[in-house]
Structure formats: C-alpha cells, structure tokens
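Peer 1: this one's structure only:
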C-alpha cells in the first residue's frame, strides 16, 4: 500500500477511534458504567400496611447519609420483588427524587414522619433527570421495583412500619 492509501485509510478510521476514545462522555454510556467505591448500605426490614389491613413485608437497604442518598439504587440491574431502598432524610421536608443513572423502573412512596404514605410515583422512568416531588413534607422515601404499588394496591394513606417513623396514634 502506498503512503497516500495508508494516510487515507487512517483518516477514515480516525473518527471511529475518536468515538471509541470519548465514548465515556456520550450520554447514556458513561451513565451506565458503574464507578468504583459504591456505598455498602445497612440492611433491615419494614412492613407496609394497606387501608384494608393487609401487610406487605420488604427487605430494605437504608440510605441515611447524604452520600448514600445521592447514590441510592444507581447502577442496579435488578431488584427483588420484596426488596427496596428506604431514604431517611432525618427530618420532615418537601423532597424531590430523580432517576439519574438508575437502570430499572421504580415506584417511589413518599412517607411522612408518622409513617403515612403521602403520595406515590409509579414506574419512574430509568435514566430520567426530571425531578419527582413529594406532595408535602416527608421524612422518607421508599423505592420499590416498578409496578409494585399497582400489584399490591398501595395507595396514599397506607402506612409504613419502620423504626424511623413514629407510630400513628
């Protein structure tokens, strides 16, 4: 191959190499790559009691620190049907969640300090940065696999029983 042909061949491949080299900077590519040093969460359990008296137990991971809440369920590829993550904000305040770097659809239960479910966002869209707000002050948010709220008939007014919530009187 003469020198001109080799140069032309390399120039044709250059955009492909550049695309591969900067691929981590493309939307959706870097976001799906799991960074090193992810938090290990404390585990526990909770129960959701529906208005009709049914109880639904869940195994949970607890996100209590700012770093843990920032990471949440990012980069997870699956979540068991009886599992979730409970976000503890430490005090009651309006909050908003999002789905950045979250690969699976989630249901979000926004929970008041007394354990009452204030509102539910169902089947939040993976990788979406749109804020998903509480409808009032909440102390916690419980993220469950997408579709869980519909499957179990969960509704605002149901209660979450966990040590971080004061029992209803």
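Peer 2: Cool, the structure landed. The structure displayed is predicted, hence computed values, not measured ones.

Peer 1: got a list of what the closest residue to residue 164 other than its chain neighbours touches?
Peer 2: Closest residue in space to residue 164, ignoring its immediate chain neighbours: residue 88 at 5.3 Å, by Cβ to Cβ, 6 or more residues apart in numbering. In this view, the C-beta of every residue, glycine as well, is placed from N, C-alpha and C. Counting by Cβ atoms under 8 Å, 6 or more residues apart in numbering, residue 88 makes contact with 62, 63, 64, 139, 140, 164.

Peer 1: Same question for residue 140.
Peer 2: 86, 87, 88, 89, 111, 160, 162, 164, 165.

Peer 1: go on, residue 155?
Peer 2: Residue 155 is in contact with 50, 51, 117, 120, 149, counting by Cβ under 8 Å, 6+ apart.

Peer 1: Narrow those to those in helices?
Peer 2: Among those, the ones falling in helices (DSSP state H) are residue 149.

Peer 1: Just the buried subset of the contacts of residue 155, please.
Peer 2: Neighbour-count burial within the contacts of residue 155 applies to 50, 117, 120, 149; the criterion is 16 or more other Cβ atoms under 10 Å.

Peer 1: In the contacts of residue 155, which has the lowest confidence score?
Peer 2: For the contacts of residue 155, the weakest pLDDT value sits at residue 51, with 95.

Peer 1: what's near enough to touch it?
Peer 2: 155, 157, 158.

Peer 1: So which of those belong to strands?
Peer 2: Secondary structure from DSSP state E places none of those in strands.

Peer 1: Output the residues you listed as a markdown table; include the columns distance to residue 44.
Peer 2: Converted to a markdown table, these look like this (distance: Cβ to Cβ, whole Å):
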| residue | distance to residue 44 |
| --- | --- |
| 155 | 24 |
| 157 | 24 |
| 158 | 19 |
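
Peer 1: Out of those residues, which comes closest to residue 70?
Peer 2: Here the nearest of the contacts of residue 51 to residue 70, counting by Cβ to Cβ, is residue 158; it sits at 27.3 Å.

Peer 1: looking at it, the closest one is touching residue 53, isn't it?
Peer 2: No. When contacts are counted by Cβ atoms under 8 Å, residue 158 is not listed as touching residue 53 (10.5 Å).

Peer 1: Compare these two (neighbour count), which wins?
Peer 2: In terms of neighbours (other Cβ atoms under 10 Å), residue 158 is the more surrounded of residue 158 and residue 53; the figures are 22 against 6.
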